[in-house]
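Peer 1: Would you be able to build a 3D model of this:
(one chain, ligands or ions: 1)
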Amino acid sequence: MPSVSDRLELIRYSPIRQIAALLDRSRSKRSIISFGGGAPSLPPPKEILEEISRLLNDETVRAVGYCGTKGLPELRELISEDIERYFGTYYDPNSEIIITEGATEGILLALFSILNKNDEVILIDPTYVGFSEPIKLAGGRVKHIPALVKRGYQPRVEDLEASLTSRTKAFILLSPDNPTGRIISREFVKALVDLAVDRDFWIIYDATYKHIVYEGENVWVPGFPGAMERTIVVNTFSKEASIPGLRLGYTLAPKEIIEAMEKLKQYTSLAPNTLGQYALMKFYQDGVKDRYLKEVVLPTYKRRRDLMGELLRKYLPEAETVKPQGAFYYFVDIRPYLERMGRDDKEFANRLFYRKEVVVIPGAFFGEMGIGHVRMTFVSEPEERIKEGIERIGEFIFSYAI
Ligand SMILES: Cc1ncc(COP(=O)(O)O)c(C=O)c1O
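Peer 2: Sure thing, here's the model as predicted:
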């Protein structure tokens, strides 16, 4: 057989996707409790679902046809108004917004639009697993600055300054964060923007969880003076509208970047999902989005977050974590337990799954600083199963103590 491309050697399989595949295979097993992947378990707003049915019945050809590569102009207009209303920054729907297949395509196209060979991109460690591999595919190099539990997972400005070189092309900021739930401090963003202006690099701001904020206020990076012209904001509907399988998101950026992304997208996916886009217009009408977030998403996840926090304190009292202010993950430092068990975080997760049928994600997947931690999401299980799952983790740890 002829060989596959050498390019494949640059990247690893996504460990989170491997766990998702494992869970897909055991979907029928109710006994498995998943604190693993971050897919919302809530149904999307009924207005979106009803519109999908209506479109399929009444406007079939339009609903399943192609649209332009940047997506439907009507949806881009609604996004532009919505962003201005929520965050006070205006993006021209014709030239500064592109609809993508989730944030995943936004990240890939943004990186391919800006990187040349050996350009450096700085990430916070630990971070989302979906950044480093597309950087490498686009020819870039990954650098890291640390974020530790003892500093509330906030990165330090002095580490950022020390990581900059003449090859720095971009910094990727994620807030609220996956895997830590941290909201980045205003001081860090201010320093980051000032440095980006001074040293002329891009900020890629992954705003996947911009609306999933329980307390405090998230920082809207493009709102900082000087930021908008050097910030690429990657967004998704997967979390805020609970439609991860429809694969839709959008990117906000200066015109030159949107043009570059459009050019690339013509050869990656041609155009975004038309049916989903028409249906999503309902998300922006008659207060559906505000109501859904305020009355369904935030109260549900906040209750689950508070419960998981309480149970972690009760059943894993020696673990250290930071109560997430946003997103839907606890990133838990379990080193005291691992040391006693003589296991690392990957072995812990593996054995926990096979012995107790509870899924957690090893912290090492998110970077070197994540070693000895596990990520636990509270997005996919209801409260009674969160309780059951953490009790099982408690029993699992206790079984090693005797
Ligand atoms: C930080 C972050 N960015 C991007 C994504 C990708 O989401 P999607 O491609 O479904 O929009 C995720 C998914 O979990 C995420 O957590």
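
Peer 1: Neighbours of residue 400, how many?
Peer 2: Residue 400 has 14 neighbours, counted by other C-beta atoms under 10 Å. (C-beta placed from N, C-alpha, C; glycine too.)

Peer 1: Actually, residue 80.
Peer 2: Residue 80 has 20 nearby residues by other C-beta under 10 Å.

Peer 1: Low-confidence regions, this structure specifically.
Peer 2: Residue ranges of the chain with pLDDT under 70: 26-28, 401-402.

Peer 1: tell me the helices in the stretch 101-250 of the chain, going along the chain?
Peer 2: 102-114, 132-137, 157-163, 186-199 (DSSP state H, counting those that start in this stretch).

Peer 1: Mind splitting this protein into its structural domains?
Peer 2: Listed domain ranges for the chain are 6-44+289-401, 64-286 (source: automatic domain parsing).

Peer 1: how about the closest residue to residue 227 other than its chain neighbours, what does it touch?
Peer 2: Once flanking residues are discounted, residue 227 sits nearest to residue 193: 4.6 Å by C-beta to C-beta, 6 or more residues apart in numbering. Shown in contact with residue 193 (C-beta atoms under 8 Å, 6 or more residues apart in numbering): 203, 221, 224-227.

Peer 1: let's see it at 7 Å
Peer 2: Neighbouring residues of residue 193 by C-beta atoms under 7 Å, 6 or more residues apart in numbering: 224, 226-227.

Peer 1: Now do the buried residues in stretch 346-354.
Peer 2: Across stretch 346-354, burial judged by 16 or more other C-beta atoms under 10 Å covers 346, 348-349, 352-353.

Peer 1: Likewise for stretch 394-402?
Peer 2: 394, 396-397.

Peer 1: Next step: those residues restricted to strands.
Peer 2: Per DSSP state E, strands hold no members of those.

Peer 1: Pick out whichever of those sits closest to the ligand.
Peer 2: Lowest distance from the ligand to the buried residues of stretch 394-402 (C-beta to the nearest ligand atom) belongs to residue 396, with 25.9 Å.

Peer 1: Show residues contacting stretch 203-210.
Peer 2: 103, 107, 110, 170-174, 176, 192, 196, 218, 221, 227, 230-236, 239, 326-327.

Peer 1: burial count for the nearest residue to residue 31 once chain neighbours are set aside?
Peer 2: What sits nearest to residue 31 in space, not counting adjacent residues and going by C-beta to C-beta, 6+ apart, is residue 357, at 5.2 Å. Residues lying near residue 357 (other C-beta under 10 Å) number 16.

Peer 1: Around the ligand, pick out the residues from this protein.
Peer 2: Applying C-beta under 6 Å from any ligand atom, one finds that the chain approaches the ligand through 38, 102-104, 128, 130, 174, 178, 206, 208, 236, 238, 244, 249.

Peer 1: Now the single nearest residue of the stretch 251-400 of the chain relative to the ligand: phi and psi?
Peer 2: Distances between the stretch 251-400 of the chain and the ligand by C-beta to the nearest ligand atom are smallest at residue 327, namely 7.4 Å. When read as degrees, to the nearest 10, the backbone of residue 327 gives phi 60, psi -160.

Peer 1: number of nearby residues for it?
Peer 2: 28.

Peer 1: Quick one: residues contacting it.
Peer 2: 176-178, 181, 209, 212.

Peer 1: what about 6 Å?
Peer 2: 176, 178, 181, 209, 212 (C-beta atoms under 6 Å, 6 or more residues apart in numbering).

Peer 1: which residue ranges form the helices in the stretch 251-400 of the chain?
Peer 2: In the stretch 251-400 of the chain, the helices defined using DSSP H, counting those that start in this stretch lie at 255-268, 274-280, 288-291, 298-315, 335-341, 345-356, 383-401.

Peer 1: now the ones you listed as TSV including distance to residue 372?
Peer 2: Formatted as TSV, the helices of the stretch 251-400 of the chain follow (distance: least, C-beta to C-beta, whole Å):
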stretch	distance to residue 372
helix 255-268	37
helix 274-280	40
helix 288-291	39
helix 298-315	16
helix 335-341	4
helix 345-356	6
helix 383-401	14
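
Peer 1: In the stretch 151-300 of the chain, which residue sits closest to the ligand?
Peer 2: For the stretch 151-300 of the chain, C-beta to the nearest ligand atom, closest residue to the ligand: residue 236, 3.0 Å.

Peer 1: Contacts only, for that residue.
Peer 2: Contact partners of residue 236, counting by C-beta under 6 Å, 6+ apart, are 102-103, 208, 249.

Peer 1: repeat for residue 17
Peer 2: Per C-beta under 6 Å, 6+ apart, neighbours of residue 17: none.

Peer 1: swap in residue 390?
Peer 2: With contact taken as C-beta under 6 Å, 6+ apart, residue 390 is in contact with 311, 315.

Peer 1: in terms of contact, does residue 144 touch residue 121 like I think?
Peer 2: No. With contact defined as C-beta atoms under 6 Å, residue 144 does not count as touching residue 121 (10.1 Å).

Peer 1: What about the residue of the chain found nearest the ligand, how many residues nearby?
Peer 2: Closest approach between the chain and the ligand, counting by C-beta to the nearest ligand atom: residue 102, at 2.5 Å. If you count neighbours by other C-beta under 10 Å, residue 102 ends up with 25.

Peer 1: wait, it sits on residue 251?
Peer 2: No. Counting by C-beta under 6 Å, residue 251 is not a contact partner of residue 102; they are 10.8 Å apart.

Peer 1: circling back: counting neighbours, which of the contacts of residue 236 comes out on top?
Peer 2: That'd be residue 208 among the contacts of residue 236, by other C-beta under 10 Å, with 28 neighbours.

Peer 1: Now that residue, what are its backbone angles?
Peer 2: phi -50, psi -40.

Peer 1: Kindly report the same for residue 54.
Peer 2: Backbone geometry at residue 54, expressed as degrees, to the nearest 10, gives phi -60, psi -50.

Peer 1: give me the number of residues near it?
Peer 2: 14.

Peer 1: Contact partners for it?
Peer 2: Residue 54 neighbours (C-beta under 6 Å, 6+ apart): none.
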